[in-house]
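Enquirer: coordinates only, no sequence provided:
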DNA sequence: TTGAAAGCGCTAACAT
DNA sequence: ATGTTAGCGCTTTCAA
């Protein structure tokens, strides 16, 4: 199956066929109001007939504006990030922008490579979630280069960002667990170095526990953000007094924890309560539904995109904390009164 | 926060500073072997110092090769498509290509728009899943334009594609259900017009039922591919004899069906068996684990990308059917012997 | 092994 | 309302 001609007509071909100058064809596509309706129609007819489509490389190169933004996210297999992407994508498209996404796998090296690649494509700005906003070489580079960017999910005092208030949200969850009678709560996260969100949630939960006078929650760091290690889990449950609730730093991890516990013969929530963080849609459909903190992911993406486009227009971007919501599901039961 | 300078150095700046011609700088990045190691080093040093990165618009425009491929998928919120994307992305990156993805929402209008946008960006080829491969204006256009493409998930005799054998896979599942004693099986799908995969799975299941001498399975078309309509479900279960198993055309739909049934007071698999199709990872972690047909999604993406890059090299692409696997979970129980 | 020059497709600035 | 011209950053002849 050898490829066919693949001769794309250029603006010059259209100009010739329509009997106008190249500049006029360009105007027909960019500022049609400037043209006499008559000429416009003629150009449009010719263009349609020859299936002409303006070459974005040419216009981007010449005008210095690609109307394309870049996005770098840890993984799209986490539906939360996928939603965020789709929110940004919809907003971008509605405003005449294209998006180029890359995944970074929670890896700073890939973060840097992703952003470099996006820069090479001349994106006008970047939406991204980084492992650690406070010490990110990539963010520093972006800032030095003067390339506009907005963080998603990361919270930062020094970079524009759109997120929830992770500490407050984690605090809410911990308070609620306490309200259900839990006092021995363990906090399950992935590797903290790869997610400052997880770290802030941990902090928020700890602060809340302190405020309530609960014993300091144990911290169980798992080797992955999305899969629980059964050994660590078993070990933690051997401690005395054993935790009665596990607060996981994201939903994928919570689901994995629940599955591993089940493999250990421990049913949730009868034997142990478990909750997550993220509010992925699937969480509500599980049996029982996962107790979690919902983040408005689609909105985070759309809002961050809106902020970025505002910056591109010369307006200044503000950092925003969008509201979270506690979703009481069925994976948390009231704790038995302590012995 | 007004943007900083944003003066990207060009190849000319590097040439001047390194005391060579622009052509030599270009060679340093594209065919370094051609240069005297000495000159190469000098150029590299200057380039690094001034943070030079080659502008892909310039090189793409001049060379006619952007080393970028496009991808159009229904939605990345379905983890199956997200995996497929990541498989393609990894393969593309390993081969020096970038990917630009767009979502189409199972909508032919958006499919067309997505592909047009990708073409405008001068992608060298496209990976895509369309609603209906047999009558897709978008595919026809791609073919006429001579732009290489490979379908993912869609099966087609006339377009290069990478998929599973949907009919056989659905047949396998139906046979297995029958083996569990189910004879009244209903097939649950989204709108067939938006997914020829769903249609083929339906066909495969029906063919298998016929072969086994089972009564023809009822078909329950839902208004969405990812959410079950409780009214339709309730209605279907009122029929006599009522189905004992619901075979859903994808996992997201199956999960939704299970949740809706539960809301109706019907527990799976005690009251009713349910199974899905796709093999998303989360399916195995549900309680009970979802019975489904696993597709090698990451591999579908990677393989399709490999085929596309082969075509770009002038080799011819072949259509491939990757192996599927039946994942017996816990959402299907043996059917009670019929009354 | 390197350089000079032309031009990819488009648009901005300056005409008219 | 439209045309002319120059040039964005790069690579590709062709020449040396």
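Expert: In hand now; what should we look at? Remember, it's a predicted structure, so these values are computed and weren't measured experimentally.
Enquirer: need the contact list for the closest residue to residue A:21 other than its chain neighbours.
Expert: Nearest residue to residue A:21 in three dimensions, chain neighbours excluded: residue A:15, at 5.8 Å (Cβ to Cβ, 6 or more residues apart in numbering or on different chains). Just so you know, the C-beta spots here come from the backbone N, C-alpha and C atoms, and that holds for glycine as well. Counting by Cβ atoms under 8 Å, 6 or more residues apart in numbering or on different chains, residue A:15 makes contact with A:21, A:22, A:24, A:25.
Enquirer: between those, which has the most around it?
Expert: Neighbour counts for the contacts of residue A:15 peak at residue A:25, which has 26 neighbours (criterion: other Cβ atoms under 10 Å in any protein chain shown).
Enquirer: hmm, back to that, list the buried residues in the helix or strand where the residue nearest to residue A:21 lies.
Expert: Using DSSP states H and E, residue A:15 maps to helix A:11-18. By 16 or more other Cβ atoms under 10 Å in any protein chain shown, the buried positions in helix A:11-18 come out as A:11, A:13, A:14, A:15, A:17, A:18.
Enquirer: average pLDDT for the following helix or strand past it?
Expert: Next along the chain after helix A:11-18, taking DSSP H and E as the criterion, comes helix A:22-30. For helix A:22-30, the mean pLDDT works out to 95.
Enquirer: with stretch A:62-80 instead?
Expert: On average, stretch A:62-80 scores 97.
Enquirer: distance between the ends of it?
Expert: One end of stretch A:62-80 to the other measures 37 Å (Cα to Cα, to the nearest Å).
Enquirer: now swap in stretch A:237-245 and tell me
Expert: End-to-end distance for stretch A:237-245: 10 Å, by Cα to Cα.
Enquirer: of all the residues in it, which ones are buried?
Expert: Result for stretch A:237-245 [16+ other Cβ under 10 Å]: buried residues A:237, A:243, A:244, A:245.
Enquirer: which of those sits closest to residue B:316?
Expert: Nearest to residue B:316 among the buried residues of stretch A:237-245, counting by Cβ to Cβ, is residue A:237 at 57.3 Å.
Enquirer: pLDDT at the closest residue in space to the closest one that isn't next to it in sequence, what is it?
Expert: Distances taken as Cβ to Cβ, 6+ apart place residue A:243 nearest to residue A:237, at 7.2 Å, with adjacent residues excluded. What the model reports as pLDDT for residue A:243 is 96.
Enquirer: quick one: residue A:243 is in a helix?
Expert: No. Under DSSP: H, G, I helix; E, B strand; the rest coil, residue A:243 sits outside any helix and is assigned coil.
Enquirer: return the member of the buried residues of helix A:11-18 nearest to DNA strand D.
Expert: residue A:15 (7.1 Å; Cβ to the nearest atom of the strand).
Enquirer: how about the residues of the stretch 51-200 of chain A by DNA strand C?
Expert: A:54, A:55, A:57, A:58, A:59, A:61, A:62, A:63, A:65 (Cβ under 7 Å from any atom of the strand).
Enquirer: show me those residues that map onto helices.
Expert: A:57, A:58, A:59, A:61, A:62, A:63 (DSSP state H).
Enquirer: and the second one, how far is that from residue B:62?
Expert: As judged by Cβ to Cβ, to the nearest Å, residue A:58 and residue B:62 stand 11 Å apart.
Enquirer: so for those two, which sits in the more crowded spot?
Expert: The residue with more neighbours, out of residue A:58 and residue B:62, is residue A:58; 16 against 11, by other Cβ under 10 Å.
Enquirer: now the more buried one. Nearest residue, chain neighbours left out?
Expert: Residue A:58's closest residue in space is residue B:61 (Cβ to Cβ, 6+ apart), at 6.0 Å.
Enquirer: what helix or strand is the residue most central in space within chain A on?
Expert: Residue closest to the average C-alpha location in chain A (Cα atoms, centre = their mean): residue A:81, at 4.0 Å. In the assignment (DSSP H and E), residue A:81 maps to helix A:79-94.
Enquirer: go on, residue A:102?
Expert: With DSSP H and E as criterion, residue A:102 is part of strand A:98-103.
Enquirer: against which helices or strands is that strand packed?
Expert: Helices and strands touching strand A:98-103, as assessed by 3 or more Cβ pairs under 8 Å, 6 or more residues apart in numbering or on different chains; DSSP states H and E, comprise strand A:68-73, helix A:79-94, helix A:108-120, helix B:79-94, strand B:98-103.
Enquirer: any chance of the ones you listed in a markdown table, plus distance to residue B:160?
Expert: Listed next are the helices and strands packed on strand A:98-103 as a markdown table, based on distance: least, Cβ to Cβ, whole Å:
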| stretch | distance to residue B:160 |
| --- | --- |
| strand A:68-73 | 28 |
| helix A:79-94 | 27 |
| helix A:108-120 | 27 |
| helix B:79-94 | 14 |
| strand B:98-103 | 18 |
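Enquirer: of those, which is nearest DNA strand D?
Expert: Between the helices and strands packed on strand A:98-103, helix A:108-120 lies closest to DNA strand D; by Cβ to the nearest atom of the strand that is 8.6 Å.
Enquirer: what about the closest residue to residue A:52 other than its chain neighbours, how many neighbours?
Expert: Residue nearest to residue A:52 in three dimensions, not counting chain neighbours: residue A:9, with 4.9 Å by Cβ to Cβ, 6+ apart. By other Cβ under 10 Å, the residues close to residue A:9 number 17.
Enquirer: just to revisit the earlier point, angle of the strand holding residue A:102 against strand A:68-73?
Expert: Going by axes from the mean of the first three to the mean of the last three Cα atoms, to 10 degrees, strand A:98-103 is angled at 20 degrees with respect to strand A:68-73.
Enquirer: residues contacting the residue nearest to the centre of chain A?
Expert: Counting by Cβ under 8 Å, 6+ apart, residue A:81 has contacts A:73, A:74, A:75, A:129, A:297.
Enquirer: now residue A:172
Expert: Residue A:172 makes contact with A:208, A:293, A:324, A:326 under the criterion Cβ under 8 Å, 6+ apart.
Enquirer: neighbours of the residue of the stretch 151-300 of chain A found nearest DNA strand D, just the number please.
Expert: The nearest approach of the stretch 151-300 of chain A to DNA strand D comes at residue A:160, 26.1 Å away (Cβ to the nearest atom of the strand). Residues lying near residue A:160 (other Cβ under 10 Å) number 20.
Enquirer: hang on, it packs against residue A:315?
Expert: No. In this structure residue A:160 lies outside contact range of residue A:315 using Cβ atoms under 8 Å: 11.6 Å.
Enquirer: need the nearest residue in space to the residue of the stretch 151-300 of chain A closest to DNA strand D, chain neighbours excluded.
Expert: residue A:317 (4.3 Å).
Enquirer: quick check: that neighbour is in a helix.
Expert: No. Using three-state DSSP, the assignment for residue A:317 is coil, not a helix.
Enquirer: that one: what's it in contact with?
Expert: A:148, A:150, A:160, A:307, A:308, A:310, A:311, B:1.
Enquirer: any chance of those residues in a markdown table with pLDDT, distance to residue B:37 and secondary structure as columns?
Expert: Formatted as a markdown table, those follow (pLDDT from 0 to 100; distance: Cβ to Cβ, whole Å; DSSP: H, G, I helix; E, B strand; the rest coil):
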| residue | pLDDT | distance to residue B:37 | secondary structure |
| --- | --- | --- | --- |
| A:148 | 97 | 39 | coil |
| A:150 | 98 | 43 | strand |
| A:160 | 97 | 44 | coil |
| A:307 | 98 | 47 | helix |
| A:308 | 98 | 43 | helix |
| A:310 | 97 | 48 | helix |
| A:311 | 96 | 43 | helix |
| B:1 | 41 | 44 | coil |
